[in-house]
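Peer 1: Quick one, structure for this:
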Amino acid sequence: AESTATDGKKYEGVELTMWSMWSAGEVQANAIQAAADAFEAETGAHVNIEWKGRDVNTLLSAALESGEKLDIFEDDYNRIGHAYAPYTYDLTEMADAVGYDDFSYACFNNQSKEWAGYLNSIVEQPQIGGVFYNKDAFEASGITETPKTWDEFLDVCQTLKDNGYEPLALDGAYANFNFYNHLVRHLGEDAIKELGEKGGWADNEAAVAAAQETIDLVNAGYLAEGAPESQTKVGLGTAAMIVCANYVTSEVDAAVGEPVNWGFFNYPEVEGNVDASAYAGANSLAISSYTENAQAAFDFIMTVVTGTYGQQLADDCAQIPADTRLKESVLEGSVEALKNTTTPMSWCGALNTLDSWSTIKSSMVELFEGKYATGADYCAYLDTLCG
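Peer 2: I've put the predicted structure just below:
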């Protein structure tokens, strides 16, 4: 069901207050406001939305700690699951009543339950990381299937190159994420954390292999000229792929002034298949533990993320639908990858908590720039930064 609020003006006179992470006039705000107007017309409940913008995360903790009247709020699901958890309502029973597990993503629900001890947020804007590609470039090169393994990925790179495309674009801000994806495939996040804390990179065959394969990729000529500042080339039609999270698509589209015909596939598996999880994140909606109208608040959230307005959010914002039953209007393949991920990969995991992270991050850019002759050389350098 799209919503439990289907039996007339059941919430006549109810006032709900929502703090939004969007600013008035943004496409996300327009879709949410349309949902609020429809919800009021259907149920009688008025939703007063305060458009706080991206600074909402600097305001929420103090507001929740002070018990400010607040029914619904938006933020990153990680912060909702950690920082705000003591002030969130348990959504489990209401979610079960509408069969939420059947049309949502287990990876986000599982994390919410693990962090807070119960389901304390509903995903509004799923995010995924992996390989984003220009489907027109693939079609022009006769590529009909996306690669699943590293060897298949290299074959695709060669085919693209043979057809006049630069296979892989790269942006300096995301080069660390590109290489981290490859490390995770060889090592898994726990092993990467241990190497970051204790060192031992040069003695780890899998770490050396990950670095060497990246060097081999560059030496084969598969990296777009101008990397690590070349992501716009995907929009210009000269490069075909980039590794990032899905917001890179809107960045590229904005840079070139028109939407790319985007596709998506999960970062390829390597031999041994240690960890094939996708990076996943989400902006989510939560209900304050202080609310006096939890069911009405939940029904409004369902109106936002499912049905007509869930589809509007997906379409107008070029995002992944929060409801898996909805049409995937962009980023074909992203819903399947998210559904197949049980424990999401993080963004560079424990490495970005190290004091040396900024230097490690710079070294990952240098890896793609050809500074290191071998994977062993690169791992030896990491050992000077870790442990």
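Peer 1: only C-alpha atoms for contact and neighbour calcs from this point on.
Peer 2: Noted.
Peer 1: contact partners of the helix or strand harbouring residue 311?
Peer 2: Assigned by DSSP states H and E, residue 311 belongs to helix 307-316. Contact with helix 307-316 is made by 2, 27-28, 31-32, 34-35, 303-305, 319-323, 326-330, as judged by CA atoms under 8 Å, 6 or more residues apart in numbering.
Peer 1: Apply 6 Å and report the result again.
Peer 2: 2, 31, 35, 304, 320-321 (CA atoms under 6 Å, 6 or more residues apart in numbering).
Peer 1: Okay, and which of those residues map to helices?
Peer 2: Per DSSP state H, helices hold the following members of the contacts of helix 307-316: 31, 35, 304.
Peer 1: Which secondary structure state is assigned to the closest residue to residue 281 other than its chain neighbours?
Peer 2: Excluding its sequence neighbours, the residue lying closest to residue 281 (CA to CA, 6 or more residues apart in numbering) is residue 127, at 4.9 Å. Under DSSP: H, G, I helix; E, B strand; the rest coil, residue 127 falls in the strand class.
Peer 1: contacting residues for residue 127?
Peer 2: 280-282.
Peer 1: Buried only: go through those for me.
Peer 2: 280-282 (16 or more other CA atoms under 10 Å).
Peer 1: Return the subset of those lying in strands.
Peer 2: Per DSSP state E, strands hold the following members of the buried ones among the contacts of residue 127: 280-282.
Peer 1: want to throw those into CSV with pLDDT and distance to residue 77?
Peer 2: What follows is these, written out as CSV (pLDDT from 0 to 100; distance: CA to CA, whole Å):
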residue, pLDDT, distance to residue 77
280, 92, 11
281, 91, 7
282, 93, 6
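Peer 1: Can you lay out these as TSV showing distance to residue 15?
Peer 2: Below are these laid out as TSV (distance: CA to CA, whole Å):
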residue	distance to residue 15
280	34
281	31
282	27
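Peer 1: Point to the residue nearest the middle of this protein.
Peer 2: Geometric centre of the chain, nearest residue: residue 127, 2.5 Å, by CA atoms, centre = their mean.
Peer 1: Low-confidence stretches in this structure?
Peer 2: 1-8, 228 (pLDDT under 70).
Peer 1: can you pull out the strands in it?
Peer 2: 15-20, 46-51, 72-76, 122-134, 166-169, 239-245, 262-265, 279-287.
Peer 1: partners of the first one in the sheet?
Peer 2: Partners of strand 15-20 in the sheet, by DSSP bridges, are strand 46-51 (parallel), strand 72-76 (parallel).
Peer 1: What residues of stretch 223-235 count as buried?
Peer 2: 223-224, 227-235.
Peer 1: just to revisit the earlier point, of all the strands of the chain, which one is nearest residue 337?
Peer 2: strand 262-265 (7.4 Å; CA to CA).
Peer 1: Next, report how far the closest one is displaced from the centre of its chain.
Peer 2: Centroid displacement of strand 262-265 relative to its chain, using CA atoms, centre = their mean, to the nearest Å, is 14 Å.
Peer 1: List the contacts of that strand.
Peer 2: 131-135, 331-333.
Peer 1: And the residues you listed, which two are furthest apart?
Peer 2: For these, the farthest-apart pair by CA to CA is 134 and 333; their separation is 13.1 Å.
Peer 1: Among those two, which residue is more densely surrounded?
Peer 2: Neighbour tally, residue 134 and residue 333, criterion other CA atoms under 10 Å: the higher count belongs to residue 134, 21 against 15.
Peer 1: correct me, but the more buried one touches residue 242?
Peer 2: No. Counting by CA atoms under 6 Å, residue 134 does not reach residue 242; the two are 9.2 Å apart.
Peer 1: Just the closest of the buried ones among the contacts of residue 127 to residue 21, please.
Peer 2: Residue 21 lies nearest to residue 282 out of the buried ones among the contacts of residue 127, by CA to CA, at 12.6 Å.
Peer 1: Find the nearest non-adjacent residue to that closest one, please.
Peer 2: Looking at residue 282 with CA to CA, 6+ apart, the closest residue is residue 126, at 4.4 Å.
Peer 1: How many residues are close by the one you found?
Peer 2: By other CA under 10 Å, neighbour count at residue 126 equals 23.
Peer 1: start the count at 58, not 1, going forward
Peer 2: Sounds good: first residue 58 from here, last item residue 183.
Peer 1: how far away is it from residue 299?
Peer 2: Distance of residue 183 to residue 299, given as CA to CA, to the nearest Å: 19 Å.
Peer 1: Residue 290 contacts residue 296, correct?
Peer 2: Yes. Counting by CA under 6 Å, residue 296 is a contact partner of residue 290 at 5.1 Å.
Peer 1: Quick one: residues contacting residue 327.
Peer 2: Counted by CA under 6 Å, 6+ apart, residue 327 has contacts 206-207.
Peer 1: Please apply the same query to residue 146.
Peer 2: If you count contacts by CA under 6 Å, 6+ apart, then residue 146 has 344-346 around it.
Peer 1: do the same with residue 443
Peer 2: 253, 256.
Peer 1: switch the cut-off to 7 Å
Peer 2: 253-256 (CA atoms under 7 Å, 6 or more residues apart in numbering).
Peer 1: and it, how far is that from residue 252?
Peer 2: 7 Å.
Peer 1: again with residue 270
Peer 2: Taking CA to CA, one finds residue 270 at 19 Å from residue 252.
Peer 1: now residue 223
Peer 2: Taking CA to CA, one finds residue 223 at 33 Å from residue 252.
Peer 1: got it, and residue 308?
Peer 2: Taken as CA to CA, the span from residue 308 to residue 252 is 33 Å.
Peer 1: quick revisit: relative to residue 331, which of the contacts of strand 319-322 is nearest.
Peer 2: residue 188 (18.5 Å).
Peer 1: Does the closest one touch residue 335 like I think?
Peer 2: No. Taking contacts as CA atoms under 7 Å, residue 188 lies outside contact range of residue 335: 10.2 Å.
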